[in-house]
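Enquirer: okay, here's the prediction I keep looking at, along with the sequence it came from:
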Amino acid sequence: MFLKKNSLLKAWISAARIRTLPLSVSGILIGSSYAYYSDKFIFSVFIIAVLTTISYQLLSNFANDYGDGVKGTDDKRIGPQRTVQSGLISQVLMKRGIIILSLISTFLTLTLIIQAFGLKSFYVLIFAALGGLAILSAIKYTVGKFAYGYFGLGDFFVFIFFGLISVLGSNFLFDSVLELKLLKPSVALGLLSVGVLNLNNMRDLQNDADCGKKTFAVFLGAQKAKFYHLFIVSSAIVLICIFQYELNILSKLFNALFVLNSIGLFIHLVLVFKISDPVDFDKYLKILALHAFVFSLLCSFYFFKIIG
């Protein structure tokens with residue numbers, strides 16, 4: 001009995017895909033730290049925002065595991081084994097997990113909104129709608145007849161939620177102002193997040209095409225997907241460099257860390273273009289996600305006045 005419970009716990013941890021969580025909170029770190037920089041920071045709002053974002057990501061991971069498992073898309077995938085497809089977690093049990101996480105996400109969303117705006121603000125309705133859309137988007141990426149991930153729309157939603165809404169929206173929670181100074185890092189982070197998804201889709205391109213999952217990489221084809229990757233990541237590098245210049249950072253060490261991260265992104269592009277075996281995309285997916293997280297940490301350290 002203990003061994004069964006232990007193996008089931010390991011299966012749920014696998015389904016959670018812990019490695020995706022740092023990227024999911026990257027935008028929250030930038031938006032919240034800028035609120036601290038502007039003397040608008042509220043610790044409780046920051047903590048609840050992080051927890052809410054993590055709940056969205058976990059919900060998305062569970063729903064993705066369930067949706068692709070039900071459709072049979074994961075049967076011959078190259079990447080890490082999925083729990084529903086492998087039978088480690090049954091479809092019924094995963095569906096219960098999705099329902100429970102949806103309720104948790106809804107509770108955290110409402111708590112965050114009330115903590116940030118109270119009950120009388122007009123922004124309650126706007127952010128309630130955004131929260132509802134975030135929960136729905138997390139589920140509908142692969143679940144259901146009209147799952148948008150199967151129609152090449154995943155890149156668009158990732159850019160919006162991991163970039164613009166994550167950075168600008170989280171900052172808005174603190175002072176109800178749309179801070180356009182954060183537009184460049186929000187777009188850069190959104191592009192890097194799309195790059196992570198594109199690497200995932202390039203890895204699974206042949207399997208997705210065979211299963212009728214028309215990701216944007218499938219629409220483009222293997223070679224054009226690489227040029228698309230070049231465009232989005234190089235655009236992010238340019239925006240990061242411009243933003244770094246605008247920050248006017250005095251610390252030579254801190255400037256060097258920004259530059260090294262950008263150089264790492266450039267090297268990443270060169271190496272991705274040399275890939276011939278789709279299996280190799282997986283390790284560069286992890287590296288790109290790490291670069292995006294490091295960028296958010298560097299911005300956060302500056303705005304939290306840890307280094308500057």
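Expert: Yep, that arrived.
Enquirer: okay, now Phe156: neighbour count?
Expert: Residues lying near Phe156 (other CB atoms under 10 Å) number 12. C-beta here means a position set from N, CA and C on the backbone, and glycine is covered the same way.
Enquirer: and Val70, by the same measure?
Expert: The burial count assigned to Val70 is 17, neighbours taken as other CB under 10 Å.
Enquirer: so where's the chain uncertain?
Expert: Within the chain, the stretches falling below the threshold (pLDDT under 70) are 1-6, 73-80, 307-308.
Enquirer: need the helices for it, in chain order.
Expert: Using DSSP state H, the helices of the chain run over 2-16, 21-37, 43-71, 83-86, 91-117, 123-140, 154-159, 170-175, 183-203, 205-211, 216-220, 222-247, 252-273, 281-303.
Enquirer: for the second one, name the packing helices and strands.
Expert: Under the contact criterion of 3 or more CB pairs under 8 Å, 6 or more residues apart in numbering; DSSP states H and E, the helices and strands touching helix 21-37 comprise helix 43-71, helix 170-175, helix 183-203, helix 281-303.
Enquirer: count the residues that sit near the nearest residue to Val272 once chain neighbours are set aside.
Expert: Closest residue to Val272 apart from its sequence neighbours, by CB to CB, 6 or more residues apart in numbering: Tyr284 at 5.6 Å. With neighbours defined by other CB under 10 Å, the count for Tyr284 comes to 20.
Enquirer: Gly154 now?
Expert: Neighbour count for Gly154, taken as other CB under 10 Å: 25.
Enquirer: OK, contacts around the closest residue to it other than its chain neighbours?
Expert: Of all residues not flanking Gly154 in the chain, Leu197 sits nearest, at 5.9 Å (CB to CB, 6+ apart). Going by CB atoms under 8 Å, 6 or more residues apart in numbering, Leu197 touches Gly154, Asp155, Val158.
Enquirer: pretty sure the second one is touching Phe216, no?
Expert: In other words, Asp155. Yes: Asp155 is within contact range of Phe216, at 4.9 Å (criterion: CB atoms under 8 Å).
Enquirer: what sits in contact with each of those two?
Expert: Joint contacts of Asp155 and Phe216 (CB under 8 Å, 6+ apart) are Asn198.
Enquirer: now render the helices and strands packed on helix 21-37 as JSON lines, adding distance to Gln91.
Expert: JSON lines is the format used below for the helices and strands packed on helix 21-37 (distance: least, CB to CB, whole Å):
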{"stretch": "helix 43-71", "distance to Gln91": "6"}
{"stretch": "helix 170-175", "distance to Gln91": "34"}
{"stretch": "helix 183-203", "distance to Gln91": "23"}
{"stretch": "helix 281-303", "distance to Gln91": "25"}
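Enquirer: most tightly packed of the ones you listed?
Expert: Neighbour counts (mean count of other CB atoms under 10 Å) averaged over each of those peak at helix 183-203, with a mean of 25.
Enquirer: so how far is that one from its chain's centroid?
Expert: 8 Å (CA atoms, centre = their mean, to the nearest Å).
Enquirer: do stretch 109-124 as well
Expert: Centroid separation for stretch 109-124 versus its chain: 24 Å, with CA atoms, centre = their mean.
Enquirer: swap in stretch 104-120?
Expert: 21 Å.
Enquirer: buried stuff in it?
Expert: Ser105, Thr106, Leu108, Thr109, Leu112, Ile113, Ala116, Phe117 (16 or more other CB atoms under 10 Å).
Enquirer: what about the fifth one, distance to Ile28?
Expert: Okay, so that is Leu112. 11 Å (CB to CB, to the nearest Å).
Enquirer: so what's in contact with those two at the same time?
Expert: Ala49.
Enquirer: got phi/psi on Lys305?
Expert: Per-residue torsions, Lys305: phi 60, psi 30 (degrees, to the nearest 10).
Enquirer: contacting residues around it?
Expert: Contact partners of Lys305, counting by CB under 8 Å, 6+ apart, are Tyr36, Tyr37.
Enquirer: and Ala236, by the same measure?
Expert: Residues in contact with Ala236, defined by CB under 8 Å, 6+ apart, are Val187, Ala188, Leu189, Leu191, Leu192, Gly195, Leu265.
Enquirer: possible to save those as CSV with distance to Cys211?
Expert: Formatted as CSV, the contacts of Ala236 follow (distance: CB to CB, whole Å):
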residue, distance to Cys211
Val187, 32
Ala188, 32
Leu189, 30
Leu191, 27
Leu192, 27
Gly195, 23
Leu265, 31
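Enquirer: any idea which of the helices and strands packed on helix 21-37 gets closest to Tyr148?
Expert: Proximity to Tyr148 (CB to CB) singles out helix 43-71 among the helices and strands packed on helix 21-37, at 10.9 Å.
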